[in-house]
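Novice: mind looking at a prediction? Sequence and model below.
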Amino acid sequence: MSPRLFAYLLSRRKTSLRLALITSVAAAALAGCGGGGGGDDSAATPPVVPAPPVDGPAWFGFGRDAQHSANSAIATQDLNRIAWSTPLDLAPTYTAGGALLVHYGSPVVTSRNTIVLPVKTGAAGGFRVEARSGGNGGLIWSSQTDYQVPPHNWVPSYNVALTAGNRLYFPAAGGKLLVKDDADVGPGAPRTVVFYGAAAYNASPAAFDATVFINTPLTIDAQGNVFFGFMVTAANPAGLVSGIARIDANGNGTWTSAATAAADAAIVKMQMNSAPALSTDAQTLYVTVNAGVVAGQVQRGHLLALDSTTLAVKSRVLLLDPVSGTMARVSDDSTASPAVGPDGDVYFGVLESTFGAHNARGWLLHFNATLTTQSTPGGFGWDNTPSIVPAAMVPSYAGTSSYLLMTKYNNYRGVGSGNGVNQLAVIDPNATQIDPISGRTIMKEILTIAGPTLEPGSTIAVKEWCINTAAVDPQRKSILVNSEDGYLYRWDLSANQLTQRIQLTSGIGESYTPTAIGADGAVYAVNNAVLFSIAR
């Protein structure tokens, strides 16, 4: 199954908004942005003086933490109003059918409530990083990057990441990282660190810029060590091949080859957009590596467990379809990343080996910490990283698991037997039921809820849920989820109801998006290339 066909199927099942309408919606959203920031939007509105900072919990990167639990450490605010918004893409590119096949990176939030976000500046790439006040969106600082996107089908995500000490890292060209030692402070250009050595890069910068590309989000541990994947497209002076890199807090780097770590010559890199994850003790790094795209072949992959200090292989597992027993699809159009439960178990989403055999839902594979034992899979995995739900968040739950998993649960209309009843689900990783689609045993559904907005002309099919990682609010026993109908919803797990909603746009079919929580409990969601802050 080629990536072009993925895009075709996506455009078929997503919204049929005309391109002109999408453009007008985007323009309206940009016109309402809070604050300047250079680029195309700075002349439209006067600068906004940043609001005073507040103290609260940080949101460090994709899925909030190194396990990708997506758990907020503060109660979220009600979905009362859009406090401010700002573009994540100054030149969004839409398909002929009106879909937006661009993966947007997750914002990060400092403990002083500075929101740091990546902004795509051109149709084919180009990025800058902006830091804005969480209170009103006022621009604090902005930094251009020379980052170049790797070869791709859907535009891959560009992500920033924050350490516990408030140091900010963001990718640059040639595999470099740019570093601001205090993400809240405006003045001063970022410094550069290079995992294969600054001297090597400085001797041949053009050669490295043309051949070495960071292709995953960054993940950072409590000691400030940074982990990421990179791909290499041609020979270079340092002899780099595609692999996994680590840079410690002092700027010292090391790396290992993806193919060597997988013991599979067909493996060419880390999976595009797949953020590394760390065990709860930070001793083990989990990454997904995959083969290249070859017509007529399954793009297969392995899940690797690496020593987080040396990057030596602890264990590896070939990712298989749990029904056919053949190789699962590990697609570069996905943003699925490993997630680690509080008990150390590891979860990862894949597509089925025969596309459409499971209605393009894929599977959520489930392994123990050493990857030596595989347990019952979940019934959905495509382009999805599950969020951790403490069992106490679900008062009706009577099982024995200490935590549950929240996942998108779409059932795509027109693919296999899919009827378009797209749901969210909270599932139990340690209990089972029979999957009504495949007949296979899967994780038990504890709660499900369907999208509330019907597709035009249908009495059954509803708009898709549009998240690749949701934000979980344990204090309010709820989950914040974005939909392709243009609304952000609060799913109350006590009542199993969508108890709050707010309209962001008129709705659009797009690559799945992340959600995040501010240090003051504001909710951040992405729709149609714009980041929205929802607060009082």
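Specialist: Cool, the structure landed.

Novice: what about residue 248, how many neighbours?
Specialist: By other C-beta atoms under 10 Å, the residues close to residue 248 number 15. C-beta coordinates here come from the backbone N, C-alpha and C atoms, glycine included.

Novice: nearest residue to it in space, please, no chain neighbours.
Specialist: Of all residues not flanking residue 248 in the chain, residue 225 sits nearest, at 5.1 Å (C-beta to C-beta, 6 or more residues apart in numbering).

Novice: ok, how many other residues are close to the one you found?
Specialist: When neighbours are counted by other C-beta under 10 Å, residue 225 comes out with 21.

Novice: what sits against it?
Specialist: By C-beta atoms under 8 Å, 6 or more residues apart in numbering, the residues touching residue 225 are 246, 247, 248, 249, 308.

Novice: distance of the last one relative to residue 251?
Specialist: I take that to be residue 308. Going from residue 308 to residue 251 by C-beta to C-beta, to the nearest Å gives 17 Å.

Novice: more crowded one of these two?
Specialist: Between residue 308 and residue 251, counted using other C-beta under 10 Å, the more crowded position is residue 308 (23 against 16).

Novice: all the helices of the stretch 101-250 of the chain, in order from the start?
Specialist: Secondary structure of the stretch 101-250 of the chain (DSSP state H, counting those that start in this stretch): helices at 198-203, 205-209.

Novice: can you redo these as a markdown table with mean pLDDT, distance to residue 488 and mean neighbour count?
Specialist: Converted to a markdown table, these look like this (pLDDT from 0 to 100; distance: least, C-beta to C-beta, whole Å; neighbours: other C-beta atoms under 10 Å):
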| stretch | mean pLDDT | distance to residue 488 | mean neighbour count |
| --- | --- | --- | --- |
| helix 198-203 | 98 | 42 | 14 |
| helix 205-209 | 98 | 38 | 17 |
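
Novice: now distance to residue 47 too, for those, in TSV please.
Specialist: Below are these laid out as TSV (distance: least, C-beta to C-beta, whole Å):
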stretch	distance to residue 47
helix 198-203	35
helix 205-209	33
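
Novice: so which of those helices is nearest residue 428?
Specialist: Counting by C-beta to C-beta, residue 428 lies closest to helix 205-209 out of the helices of the stretch 101-250 of the chain; the figure is 47.2 Å.

Novice: lowest-confidence helix or strand of the chain?
Specialist: helix 19-31 (a mean of 31; mean pLDDT, DSSP states H and E).

Novice: okay, buried residues for the longest strand seen in the chain please.
Specialist: Secondary structure of the chain read by DSSP state E shows that its longest strand is strand 423-434. Using 16 or more other C-beta atoms under 10 Å as the test for burial, strand 423-434 gives 423, 424, 425, 426, 427, 428, 429, 430.

Novice: what comes up buried for stretch 475-488?
Specialist: 476-488.

Novice: my read is residue 261 is in a strand, agree?
Specialist: No - assigned with DSSP: H, G, I helix; E, B strand; the rest coil, residue 261 falls outside any strand and is helix.

Novice: how many neighbours does it have?
Specialist: By other C-beta under 10 Å, 22 other residues sit near residue 261.

Novice: still on that earlier bit, which single one of the buried residues of strand 423-434 is nearest to residue 193?
Specialist: residue 429 (37.5 Å).

Novice: and the gap between the closest one and residue 535?
Specialist: For residue 429 relative to residue 535 (C-beta to C-beta), the value is 33 Å.

Novice: equivalent analysis for residue 408, please.
Specialist: 25 Å.

Novice: cool, residue 421 as well?
Specialist: The gap separating residue 421 from residue 535 is 32 Å, by C-beta to C-beta.

Novice: for residue 179, same thing?
Specialist: In terms of C-beta to C-beta, residue 179 sits 30 Å off from residue 535.

Novice: these two: who's more crowded?
Specialist: residue 535 (21 against 18).

Novice: list the contacts of the more buried one.
Specialist: Residue 535 neighbours (C-beta under 8 Å, 6+ apart): 77, 80, 81, 83, 518, 520, 521, 522, 523.

Novice: pLDDT and distance to residue 58 added to the contacts of residue 225, as a markdown table?
Specialist: Shown next, in a markdown table, are the contacts of residue 225 (pLDDT from 0 to 100; distance: C-beta to C-beta, whole Å):
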| residue | pLDDT | distance to residue 58 |
| --- | --- | --- |
| 246 | 98 | 22 |
| 247 | 98 | 20 |
| 248 | 98 | 20 |
| 249 | 97 | 17 |
| 308 | 98 | 21 |
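
Novice: now for the residues you listed, which pair is the farthest apart?
Specialist: 249 and 308 (13.4 Å).

Novice: next up, the contacts around residue 69.
Specialist: Applying C-beta under 8 Å, 6+ apart to residue 69 gives the contacts 63, 339, 340, 387, 388, 472.

Novice: most remote residue from this protein's center?
Specialist: Distance from the C-alpha centroid of the chain, by C-alpha atoms, centre = their mean, peaks at residue 203 (34.3 Å).

Novice: got the CA positions of stretch 526-536 in CSV?
Specialist: Below are the C-alpha coordinates for stretch 526-536, written out as CSV (Å, rounded to 0.1, in the frame of the first residue of the first chain):
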residue,chain,number,x,y,z
VAL,A,526,-4.8,22.7,16.5
ASN,A,527,-7.3,23.1,13.7
ASN,A,528,-6.7,24.1,10.1
ALA,A,529,-3.0,25.2,10.6
VAL,A,530,-3.9,27.4,13.6
LEU,A,531,-3.1,27.0,17.3
PHE,A,532,-6.0,28.0,19.6
SER,A,533,-5.8,28.9,23.3
ILE,A,534,-9.0,28.1,25.1
ALA,A,535,-9.3,29.7,28.5
ARG,A,536,-11.5,32.0,30.6
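
Novice: the helix or strand hosting residue 498 pairs with which strands?
Specialist: Element membership for residue 498, per DSSP states H and E: strand 497-503. Applying DSSP bridges, strand 497-503 is found paired with strand 487-492 (antiparallel).

Novice: you'd agree residue 342 is up against residue 402?
Specialist: Yes - Residue 342 is within contact range of residue 402, at 6.7 Å (criterion: C-beta atoms under 8 Å).

Novice: count residues in the vicinity of residue 456, would you?
Specialist: Counted with other C-beta under 10 Å, the neighbours of residue 456 add up to 9.

Novice: revised request: answer the last question for residue 368.
Specialist: The burial count for residue 368: 14, using other C-beta under 10 Å.
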